[in-house]
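> here are the coordinates; sequence isn't available:
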């Protein structure tokens, strides 16, 4: 397919590279032009503007937050103004349910198509083309997007014809991951202060009750205190919990644990954790217990 790709952060760069490797005709755009060089070296073309990246059958966006997504889509010369009728905007970004709903309505008015396709997986998973894609959109739009999903992911889960529900599922998943990080941090603080080796404890957990990648990955980071470089930066984690709470408020669903997690992220950020991985909230319980940097 002829596809544009906008947003070459740690996730987006790997996704765009895998599209090129799968044989798609890829044009990339990033506000920091230097980030396009590596993808161009693989065979992509660099676009000077958002509009230049929107001349194909589809454009994928992978942006940090609602503000970035809103700007790329709605600004003059943005995706909405530049995409042709019938072409597909595939949003891989973790954005709010409200913005996803607005994007769907705006593209429909322009006779364009819109698919929400946020992904689960850290940068190393993206690099391996093993992401899990959570897709929402009209059946024909999902079908036509499938070759792109196959290039970046291991499996695609189709949630609904309402794109925004895919975003709700993604936010709920990130809420669960953050919950695991917090609970692991608390448990490790408890056993660690008693003198039990955290790595030994983690091996026990993941060999018995919790043999799942999320426990192995984040448990390992917490046990080692290894929060840099950030695979998923703490401000993004805070953003996702905030968006989860906003969706919950709209649906009138109390999420007490999500409120706790919001405060944990704010505590981390207030103490200078902006550059740390979001798993660094898992170190807060040890600090609260007077364990310092152990």
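Perfect, I can see it now. If you're wondering where the values come from, they're calculated on a predicted model, not measured in any experiment.

> would residue 159 count as being in a strand?
Yes - applying DSSP: H, G, I helix; E, B strand; the rest coil, one finds residue 159 inside a strand.

> ok, now which ones touch the most centrally placed residue in the chain?
Nearest to the mean C-alpha position of the chain, counting by Cα atoms, centre = their mean, stands residue 94 at 5.0 Å. By Cβ atoms under 8 Å, 6 or more residues apart in numbering, the residues touching residue 94 are 118, 167, 170-171, 174, 236, 239-240, 243. C-betas here are computed from N, CA, C, even on glycine.

> try it again with 10 Å
Residues counted as contacts of residue 94 (Cβ atoms under 10 Å, 6 or more residues apart in numbering) are 11, 62-66, 69, 118-120, 134, 167, 170-171, 173-174, 232, 236, 239-240, 243.

> surely residue 174 touches residue 118?
Yes - between residue 174 and residue 118 there is a contact under Cβ atoms under 10 Å: 9.2 Å.

> what strand or helix carries residue 146?
Secondary structure from DSSP states H and E places residue 146 in helix 139-152.

> helices of this protein, residue ranges please.
Listed in chain order, the helices of the chain (DSSP state H) span 10-21, 37-42, 66-74, 79-82, 97-109, 123-127, 139-152, 163-193, 198-207, 213-224, 234-251, 256-270, 284-288.

> okay, and the beta partners of the residue lying closest to residue 44 once chain neighbours are set aside?
Distances taken as Cβ to Cβ, 6 or more residues apart in numbering put residue 26 closest to residue 44, at 4.3 Å, once the chain neighbours are dropped. For residue 26, the beta-bridge partners are residue 3 (DSSP bridges).

> residue 26 reaches residue 8, doesn't it?
No - Residue 26 is beyond contact range of residue 8, at 11.2 Å (criterion: Cβ under 10 Å).

> who touches both of those two?
Between them, residue 26 and residue 8 share the contacting residues 16-17, 39, judged by Cβ under 10 Å, 6+ apart.

> which of these ranks first by neighbour count?
Most neighbours among those, by other Cβ atoms under 10 Å: residue 16, with 33 neighbours.

> measure that one to residue 175 for me?
28 Å (Cβ to Cβ, to the nearest Å).

> go on, residue 213?
17 Å.
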